[in-house]
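Q: Structure of the sequence below:
(one chain, ligands or ions: 1)
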Amino acid sequence: MTGGGRPPEWWRDAVLYQIYVRSFADGNGDGVGDLPGIRSRLPYLRELGVDGIWLTPFYPSPGHDHGYDVSDYCDVDPAFGTLADFDAMIADAHDLGLRVIVDIVPNHTSSEHEWFRNAIADPSHPHRKRYVFRPGRDGGPPTGWTSAFGGPAWTLDEASGEWYLHFFAPQQPDLDWHNPEVQEEFERILRFWLDRGVDGFRVDVAHALFKDRDFPPMVEPVPRPWHGDWLVALLQPELHDLYRRWRAIADEYEGDRMYVGEIVIENQERVAQYVRPDEMQLAFNFALLFAEWDAADIRGVIDRTRSALGAVGAPATWVFENHDVTRLPTRYGGGMEGLRRARAAALLLLALPGTAFVYEGQELGLEEVGLPDEVRQDPIFFRTNGRRLGRDGCRVPVPWEGGPPAFGFTSGPPWLPMPADWEELTVAAQTGEEGSTLELFRAALAARPRGEEFAWRESPPGTLVFARGDLVCAVNVTAERLELPEGELVVASNELRAGALPPGTAAWVRTDGSRAKETA
Ligand code: GLC
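A: Residues are numbered from 1 along each chain as shown. Here you go, the predicted structure:
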């Protein structure tokens, strides 16, 4: 794929660090993270050893879904700074050798977006056709579709008597991607940010833009939240041409600009259809994120992913955490045990071939925060009457230094309360501290294998061992013990016991290059 003596594209084995902008670093003391805050912490990311950052939406937004309800795609929300702050931040990032990708939210706008305001104010306004309005049926909504955030996916526009579609909150009306105007507008938006120097885009709900015009019934029950294989009306064939056009736009620019699609389905064969050579370069792979701490499960995910994506020449991507899911140590049981497993998973994540995503705070071993109901903000919590707690617990701001209430995140009151016992988890407390999760990430990022070589090695049930060239990654998932492979120990996620890996422990070992025991 690299052909013609060109260096391999940077995104093929990059580590991208996800910045949830509200929660990363606050530069002006209003308790909300912002672009100047990010800029001030770029040296930390450089030193951590990641290749680039992905910023969640920082565009003007009423904030019903914290920025995923965009009211202007070509500006910066005053809460996060200005376009000049963006330019200064990206210039510094590039000087430090960090790539910058930004989130693009094409499935829906904010209900405060000028287009939607026009559409509601006057049903004959041309902007009405940029959204999905339909007459109701039997006095109710046009279909029984439910929103991913709970409740119906249709809201009545009382003035006209028609209903509009929203897969998420009612403040996030879905665009009609069959309308060529919508397509043109987004091409303009992509160019706006490409001209400003972004290295790529993370495409929000990339599988959902076109809806089946017949609006077939959804298959219920929804197996798991955020699990989209059931959405029969999505994944429409029109997406491929759209992403081909988007790819051609990115390819007009120097520097391997890229797209990573959020395609919320587990089946990697289906995901692979979107990352064929002339479509998006990458798609998130949520299969590891849904997998249990179980060696056979994880191995199955790795094999299926590699074979499905290898077939189209795209690199695999690996994700354990993001701003939509419960923090990994908590998913793995919480406490010391959960953290131990999450640290082992970090060595797995950073040893696998392809592109890895690290979510802010993952490198600190943060757990999900149990928040009181009164401070919760996620629309999921409200639209399900608290049945689903929502995602606030993984969005609590990053602790940088010192103590409560704000641990150096802000000089004001943090927008979500931070646990008083985070003192030992701050960046400052973990820096230089032997055995800390932060130092584990730093060591692994410095020694991370690059390239595509990968081979399983035989190993007992409950364990995973594979070689990346002369680096061997051994993970004892649940077995009683796993002998450390021969060679020089590079990094271990926890202490070894009598020279072997106890359960929930991983290690990287540098061999002399002999690979006698490899299996294909
Ligand atoms: C994506 C985002 C999520 C957001 C949703 C609606 O899944 O990751 O945070 O709420 O899209 O835009």
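Q: give me the number of residues near the residue of the chain found nearest the ligand?
A: Nearest residue of the chain to the ligand (CB to the nearest ligand atom) works out as Y68 at 3.3 Å. Placement of C-beta: from N, CA and C, glycine included. Y68: 24 surrounding residues under other CB atoms under 10 Å.
Q: Now do the SS call for it.
A: Judged by DSSP: H, G, I helix; E, B strand; the rest coil, the three-state class of Y68 is coil.
Q: Tell me if I'm right that it and P57 touch.
A: Yes - counting by CB atoms under 8 Å, Y68 does reach P57; the two are 5.9 Å apart.
Q: Overlap of the contact sets of the two?
A: Common contacts of Y68 and P57 (CB atoms under 8 Å, 6 or more residues apart in numbering): D103, V105.
Q: you'd agree T431 is up against L425?
A: No - T431 is beyond contact range of L425, at 11.7 Å (criterion: CB under 8 Å).
Q: In terms of neighbours, single out the busier of those two.
A: L425 (21 against 14).
Q: If you drop the residues flanking it in sequence, what lies closest to the more buried one?
A: L364 (5.3 Å; CB to CB, 6 or more residues apart in numbering).
Q: Equivalent analysis for Y359, please.
A: Closest to Y359 by CB to CB, 6+ apart is E321, at 4.0 Å.
Q: Now tell me what touches the one helix or strand in the chain whose mean pLDDT sits lowest from outside.
A: Using mean pLDDT, DSSP states H and E, the weakest-scoring helix or strand in the chain turns out to be helix 287-290, at a mean of 87. Here helix 287-290 makes contact (CB under 8 Å, 6+ apart) with 224, 227, 266, 268, 298, 301, 304-305, 318-322, 325, 349.
Q: Could you list which of those belong to strands?
A: Among the contacts of helix 287-290, the residues falling in strands (DSSP state E) are W318, V319.
Q: Buried members of the contacts of helix 287-290 into ChimeraX, please.
A: In ChimeraX syntax, the buried subset of the contacts of helix 287-290 is picked out as below (16 or more other CB atoms under 10 Å):
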select :266,268,298,301,304,305,318,319,320,321,322,325,349
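Q: centroid residue for this structure?
A: N322 (4.7 Å; CA atoms, centre = their mean).
Q: What does that residue show for phi and psi?
A: Phi and psi for N322, reported as degrees, to the nearest 10, are phi -160, psi -170.
Q: Hmm, Q18 and it touching each other?
A: Yes - using CB under 8 Å, N322 is in contact with Q18, at 6.0 Å.
Q: tell me, what's touching the two both at once?
A: Going by CB under 8 Å, 6+ apart, residues that sit against N322 and also against Q18 are F357, Y359.
Q: partners of the helix or strand Y17 falls within, with directions?
A: According to DSSP states H and E, Y17 maps onto strand 15-19. Looking at strand 15-19 with DSSP bridges, its partner strands are strand 52-55 (parallel), strand 355-359 (parallel).
Q: Switch those strands over to a markdown table; also include distance to D378.
A: Converted to a markdown table, those look like this (distance: least, CB to CB, whole Å):
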| stretch | distance to D378 |
| --- | --- |
| strand 52-55 | 19 |
| strand 355-359 | 16 |
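Q: Pick the most deeply packed of these.
A: Highest mean neighbour count of the strands paired with strand 15-19: strand 355-359, a mean of 25 (counted as mean count of other CB atoms under 10 Å).
Q: Contacts for that strand next, please.
A: Taking CB under 8 Å, 6+ apart as the rule, strand 355-359 contacts 11-18, 20, 50, 54, 260, 282, 284, 315-323, 349-350, 394, 441.
Q: and what of stretch 371-387?
A: Residues contacting stretch 371-387 (CB under 8 Å, 6+ apart): 64-66, 147, 149-151, 168-169, 388-393, 396, 416-417.
Q: quick check, it touching the ligand?
A: No - using CB under 6 Å from any ligand atom, stretch 371-387 stays clear of the ligand, with a minimum separation of 7.9 Å.
Q: Below-threshold pLDDT in the protein: ranges please.
A: 1-6, 218-233, 513-520 (pLDDT under 70).
Q: What parts of it come near the ligand?
A: D65, Y68, V105, F168, D204, V205, E262, H323, D324.
Q: of all the residues you listed, which comes closest to P461?
A: For these, the residue nearest P461 by CB to CB is D324; the value is 32.4 Å.
Q: Please name the nearest non-neighbouring residue to that closest one.
A: R391 (5.5 Å).
Q: so what's the one you found up against?
A: Per CB under 8 Å, 6+ apart, neighbours of R391: H323, D324, V325, D378, I380.
Q: What distance do you get for the first one to Y68?
A: Spelled out, that is H323. As judged by CB to CB, to the nearest Å, H323 and Y68 stand 10 Å apart.
Q: joint contacts of those two?
A: Between them, H323 and Y68 share the contacting residues T56, judged by CB under 8 Å, 6+ apart.
Q: So which of the contacts of R391 are in helices?
A: I380 (DSSP state H).
Q: Centre of the chain to stretch 248-266, how far?
A: 14 Å (CA atoms, centre = their mean, to the nearest Å).
Q: can you dump the C-alpha coordinates of it into PDB?
A: Taking Å, rounded to 0.1, in the frame of the first residue of the first chain, the C-alpha atoms of stretch 248-266 are listed here in PDB:
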ATOM      1  CA  ALA A 248     -10.600  12.600  -2.700                       C
ATOM      2  CA  ILE A 249     -10.900  15.900  -1.000                       C
ATOM      3  CA  ALA A 250      -8.400  14.900   1.700                       C
ATOM      4  CA  ASP A 251      -6.100  13.600  -0.900                       C
ATOM      5  CA  GLU A 252      -5.900  17.000  -2.600                       C
ATOM      6  CA  TYR A 253      -4.000  18.200   0.400                       C
ATOM      7  CA  GLU A 254      -0.400  17.400   1.300                       C
ATOM      8  CA  GLY A 255       0.500  15.300   4.300                       C
ATOM      9  CA  ASP A 256      -1.700  12.200   4.400                       C
ATOM     10  CA  ARG A 257      -4.900  13.800   5.700                       C
ATOM     11  CA  MET A 258      -7.100  11.100   7.000                       C
ATOM     12  CA  TYR A 259     -10.600  10.000   8.300                       C
ATOM     13  CA  VAL A 260     -11.400   7.700  11.100                       C
ATOM     14  CA  GLY A 261     -15.100   6.700  11.100                       C
ATOM     15  CA  GLU A 262     -17.100   6.000  14.200                       C
ATOM     16  CA  ILE A 263     -18.900   2.900  12.900                       C
ATOM     17  CA  VAL A 264     -20.700   1.400  15.900                       C
ATOM     18  CA  ILE A 265     -20.900  -2.200  14.800                       C
ATOM     19  CA  GLU A 266     -19.000  -5.200  16.100                       C
END
